[in-house]
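Peer 1: structure of the sequence below:
(chains A, B, C and D)
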There are 2 protein chains.
Amino acid sequence: MTEKRDQKKADLKTRLVDAAENRIAAQGLAALRAREVTSDAGCALGALYTAFADIDLLVLHVNSRTLARLGSALEIAAASATDPGLKLAALAQGYLAFARDNPHLWAALFDHHMPDSAQVPDWHLAEHAVLIAHIVAPLAALAPGLDEAALHLRARTLFAAVHGIVKVSLEGRFVGAREDALPGELAAFIALLTAGMAAARGA
Amino acid sequence: MTEKRDQKKADLKTRLVDAAENRIAAQGLAALRAREVTSDAGCALGALYTAFADIDLLVLHVNSRTLARLGSALEIAAASATDPGLKLAALAQGYLAFARDNPHLWAALFDHHMPDSAQVPDWHLAEHAVLIAHIVAPLAALAPGLDEAALHLRARTLFAAVHGIVKVSLEGRFVGAREDALPGELAAFIALLTAGMAAARGA
DNA sequence: CGATAAAATGAACAGTGTTCATTTTTCTGG
DNA sequence: CCAGAAAAATGAACACTGTTCATTTTATCG
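Peer 2: Below you'll find the model as predicted:
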């Protein structure tokens, strides 16, 4: 049996992801260094490359954890309301809250790019489904005319819109960007969309 | 007089920004290299640092150009319609078209981050105003209840939402992201918002 | 236990942006 | 038009990056 070997390798991977997660959370993705991560994890520099093909794959595993935590936060937010419109509003505020509470880890989800044009592996792409999973049901209630495919497409569009609002604002790309106005703007934005969908149903 | 010196320095800056712009347009921001830029510009490596404090400032000047071109594109889009709702729709489609036609230069606008926590200089932050400049007027017509401050805030929110939809889709962060559905989704999204604003006016 | 295979090690490598002593160019007073 | 002075261009050197690989250490199993 190769139990001890597998155990050690699993332990090493965990320590490396822990270390990378802590570094990203503290200083952001751009400040991540292979030497610091391996030092924090208590292993040699080269050990990183026995556990992961490169540093990008390590970041993907950190992002994997973040997506899981974000998924839980969104699930709780979705459960906080029954009315579809209020559910969407709660999801948006929950997303904003997570981004504010985990600024660097959240930013790493979208700031990380694969080198050259190497594609993100499918297993990780699939994990992004949690971002739209809880949007689909309330959206179906608000826009009953959409079929399954259109519904998922629209849910993605809706997520991307909310994400854009939060990202642009938290990055402070505009002069006088007022972060404290963000919850209100997000609420007004969702209200506008639900009103639009209500009008479409009524017509 | 120091005419020749100033002229040469201005020429050098122009050549460097030209070279950086071409490199980013061809291969993306991440592939930008000081040695390649200076080689393209026909100067020594060190000359870059007599023209710009660092490579980030050079990128800022490239982004400055891109924002100006994007501003023109949006102005043309805004002029293509008179109805406020159609104007917003045209702006969204114009934004999408610019992003598709200039993928790397457009991405550089938002993928570039200052090192550490060095702030973007105000002159460049101010240039981002072109992104919302043409949204304000049609938005004012559609949402007459907003005062000046709320109007600009809402315009920024609206831009950020459209930007998010385009960015997330073009980056292909989801499985089965169908880029060809983007214009339709964007149109449906704007229609939803205008319908929501119409409902708010009617009530 | 001893032979073998696997994994951990960290010095070395190729690459990056940036600096700085040196050379070259430009400016200006006579 | 020409020195002397000032400024700018140069590119080798520097500190740092992620990654590799010959060597050492550790785990496996007959």
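Peer 1: give the contact list for the residue of chain A at minimum distance from chain B.
Peer 2: Scanning chain A for proximity to chain B using Cβ to the nearest Cβ identifies residue A:164 as nearest, at 1.7 Å. (Glycine included, C-beta is placed from N, CA and C.) Listed by Cβ atoms under 8 Å, 6 or more residues apart in numbering or on different chains, the contact partners of residue A:164 are B:160-165, B:167-168.
Peer 1: pipe those residues into CSV and attach pLDDT, secondary structure and distance to DNA strand C per row.
Peer 2: Output for those, formatted as CSV (pLDDT from 0 to 100; DSSP: H, G, I helix; E, B strand; the rest coil; distance: Cβ to the nearest atom of the strand, whole Å):
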residue, pLDDT, secondary structure, distance to DNA strand C
B:160, 98, helix, 29
B:161, 98, helix, 34
B:162, 98, helix, 32
B:163, 98, helix, 27
B:164, 98, helix, 29
B:165, 98, helix, 32
B:167, 97, helix, 24
B:168, 97, helix, 28
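Peer 1: give me the nearest residue to residue A:78, chain neighbours excluded.
Peer 2: residue A:134 (4.0 Å; Cβ to Cβ, 6 or more residues apart in numbering or on different chains).
Peer 1: for the one you found, give its distance to residue A:81.
Peer 2: 11 Å (Cβ to Cβ, to the nearest Å).
Peer 1: compare those two (neighbour count), which wins?
Peer 2: Between residue A:134 and residue A:81, counted using other Cβ atoms under 10 Å in any protein chain shown, residue A:134 has the larger neighbour count: 23 against 15.
Peer 1: secondary structure element holding the more buried one?
Peer 2: helix A:130-142 (DSSP states H and E).
Peer 1: list the buried residues in that helix.
Peer 2: For helix A:130-142, the neighbour count (16 or more other Cβ atoms under 10 Å in any protein chain shown) marks A:130-132, A:134-136, A:138-140, A:142 as buried.
Peer 1: my guess is residue A:31 meets residue A:23, correct?
Peer 2: Yes: Residue A:31 lies in contact with residue A:23 (Cβ atoms under 8 Å); the separation is 6.9 Å.
Peer 1: so which bits of chain A are right by DNA strand C?
Peer 2: Residues of chain A lying near DNA strand C by Cβ under 7 Å from any atom of the strand: A:5, A:8-9, A:12, A:43-47, A:49-51.
Peer 1: just send these back as JSON lines, with pLDDT, neighbour count and secondary structure too.
Peer 2: Below are the residues of chain A next to DNA strand C laid out as JSON lines (pLDDT from 0 to 100; neighbours: other Cβ atoms under 10 Å in any protein chain shown; DSSP: H, G, I helix; E, B strand; the rest coil):
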{"residue": "A:5", "pLDDT": "73", "neighbour count": "9", "secondary structure": "helix"}
{"residue": "A:8", "pLDDT": "82", "neighbour count": "10", "secondary structure": "helix"}
{"residue": "A:9", "pLDDT": "88", "neighbour count": "14", "secondary structure": "helix"}
{"residue": "A:12", "pLDDT": "95", "neighbour count": "19", "secondary structure": "helix"}
{"residue": "A:43", "pLDDT": "96", "neighbour count": "18", "secondary structure": "coil"}
{"residue": "A:44", "pLDDT": "96", "neighbour count": "10", "secondary structure": "coil"}
{"residue": "A:45", "pLDDT": "97", "neighbour count": "11", "secondary structure": "helix"}
{"residue": "A:46", "pLDDT": "96", "neighbour count": "9", "secondary structure": "helix"}
{"residue": "A:47", "pLDDT": "96", "neighbour count": "16", "secondary structure": "helix"}
{"residue": "A:49", "pLDDT": "96", "neighbour count": "14", "secondary structure": "helix"}
{"residue": "A:50", "pLDDT": "95", "neighbour count": "11", "secondary structure": "helix"}
{"residue": "A:51", "pLDDT": "95", "neighbour count": "21", "secondary structure": "helix"}
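Peer 1: of these, just say which sits nearest to residue B:72.
Peer 2: Proximity of the residues of chain A next to DNA strand C to residue B:72 (Cβ to Cβ) peaks at residue A:49, which lies at 47.7 Å.
Peer 1: report the separation between that closest one and residue A:118.
Peer 2: 16 Å.
Peer 1: how distant is stretch A:140-159 from the center of its chain?
Peer 2: Counting by Cα atoms, centre = their mean, to the nearest Å, stretch A:140-159 is centred 20 Å from the centre of its parent chain.
Peer 1: returning to that earlier point: quick check: neighbours shared by residue A:134 and residue A:81?
Peer 2: Common contact partners of residue A:134 and residue A:81 (Cβ under 8 Å, 6+ apart): residue A:87.
Peer 1: pretty sure residue A:44 is touching residue A:38, no?
Peer 2: Yes: Residue A:44 is within contact range of residue A:38, at 6.4 Å (criterion: Cβ under 8 Å).
Peer 1: ok now the helix or strand encompassing residue A:17, how far from the chain's centre?
Peer 2: Taking DSSP H and E as the criterion, residue A:17 maps to helix A:3-27. Using Cα atoms, centre = their mean, the mean C-alpha position of helix A:3-27 is found 21 Å from that of the whole chain.
Peer 1: still on that earlier bit, neighbour-wise, which of residue A:31 and residue A:23 wins?
Peer 2: For residue A:31 versus residue A:23, neighbours defined as other Cβ under 10 Å are more numerous around residue A:23 (19 against 13).
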